[in-house]
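Trainee: Fold the following.
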Amino acid sequence: MQKMGLWTILEGFLLLANALAILNEDRFLAPRGWSFSEFSAGQTKSFKGQFIGLIYATQYMRVPLILLNAICIVVKCILRLQTFLDPDALRRDKQADRSRKQNRNSS
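Mentor: This is a model prediction of the structure:
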């Protein structure tokens with residue numbers, strides 16, 4: 001079992017940003033009353049207004065999201081290739097996990 005590290009958390013935020021970036025205003029947001037044009041300056045301080053602002057910020061930042069996705073894919077491919085080229089790496093990881101579990105159980 002893999003531990004949840006910083007890389008996993010960053011991937012999760014990237015996936016969330018991708019999900020917000022693809023929401024279509026005409027098809028999804030406007031029929032539910034989440035259109036940016038429906039909010040005046042006073043309503044942007046509410047949670048709903050802040051969340052709509054976040055959605056529009058991620059939609060505006062699509063190009064950086066594409067670059068972050070490409071970087072993520074390249075890093076994952078390199079790490080996977082490294083494991084593929086070193087077949088003993090997986091065995092060593094499993095042995096290390098077993099020894100950690102034994103140490104936890106013994107203490």
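Trainee: remind me, longest helix of this structure?
Mentor: Ordering each helix of the chain by length in residues (DSSP state H) puts helix 62-85 first.
Trainee: same for that helix, what does it pack against?
Mentor: helix 6-21, helix 88-106 (3 or more CB pairs under 8 Å, 6 or more residues apart in numbering; DSSP states H and E). Where you see a C-beta, it was placed from the backbone N, CA and C, and this is true even at glycine.
Trainee: So which bits of the helix or strand following the first one are buried?
Mentor: When you say that, I think you mean helix 6-21. Remark: after helix 6-21, the chain's next helix or strand is helix 47-60, criterion DSSP states H and E. Judged by neighbour count (16 or more other CB atoms under 10 Å), helix 47-60 contains these buried residues: 49, 52, 55, 56, 58, 59.
Trainee: and the gap between the fourth one and residue 95?
Mentor: When distance is defined by CB to CB, to the nearest Å, residue 56 is 49 Å away from residue 95.
Trainee: thinking again about what came up before, helix 88-106 and the longest helix of the chain, what's the angle between them?
Mentor: 90 degrees (axes from the mean of the first three to the mean of the last three CA atoms, to 10 degrees).
Trainee: Between helix 6-21 and helix 62-85, find me the angle.
Mentor: Using the same axes, to 10 degrees: helix 62-85 against helix 6-21 is 140 degrees.
Trainee: Output helix 62-85 in PDB with nothing but the alpha carbons.
Mentor: What follows is helix 62-85, C-alpha atoms only, in PDB (Å, rounded to 0.1, in the frame of the first residue of the first chain):
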ATOM      1  CA  ARG A  62      -6.300  26.800 -18.400                       C
ATOM      2  CA  VAL A  63      -3.000  27.100 -20.200                       C
ATOM      3  CA  PRO A  64      -1.000  26.800 -16.900                       C
ATOM      4  CA  LEU A  65      -3.200  23.800 -16.000                       C
ATOM      5  CA  ILE A  66      -2.300  22.200 -19.300                       C
ATOM      6  CA  LEU A  67       1.400  22.800 -18.500                       C
ATOM      7  CA  LEU A  68       1.000  21.400 -15.000                       C
ATOM      8  CA  ASN A  69      -0.700  18.300 -16.400                       C
ATOM      9  CA  ALA A  70       2.100  17.800 -18.900                       C
ATOM     10  CA  ILE A  71       4.700  18.100 -16.100                       C
ATOM     11  CA  CYS A  72       2.800  15.600 -14.000                       C
ATOM     12  CA  ILE A  73       2.500  13.100 -16.800                       C
ATOM     13  CA  VAL A  74       6.300  13.400 -17.600                       C
ATOM     14  CA  VAL A  75       7.300  12.900 -14.000                       C
ATOM     15  CA  LYS A  76       5.000   9.900 -13.600                       C
ATOM     16  CA  CYS A  77       6.400   8.400 -16.800                       C
ATOM     17  CA  ILE A  78      10.000   8.900 -15.600                       C
ATOM     18  CA  LEU A  79       9.300   7.400 -12.200                       C
ATOM     19  CA  ARG A  80       7.500   4.500 -13.800                       C
ATOM     20  CA  LEU A  81      10.300   4.000 -16.300                       C
ATOM     21  CA  GLN A  82      12.800   4.100 -13.500                       C
ATOM     22  CA  THR A  83      10.900   1.300 -11.700                       C
ATOM     23  CA  PHE A  84      10.600  -0.700 -15.000                       C
ATOM     24  CA  LEU A  85      14.400  -0.400 -15.600                       C
END
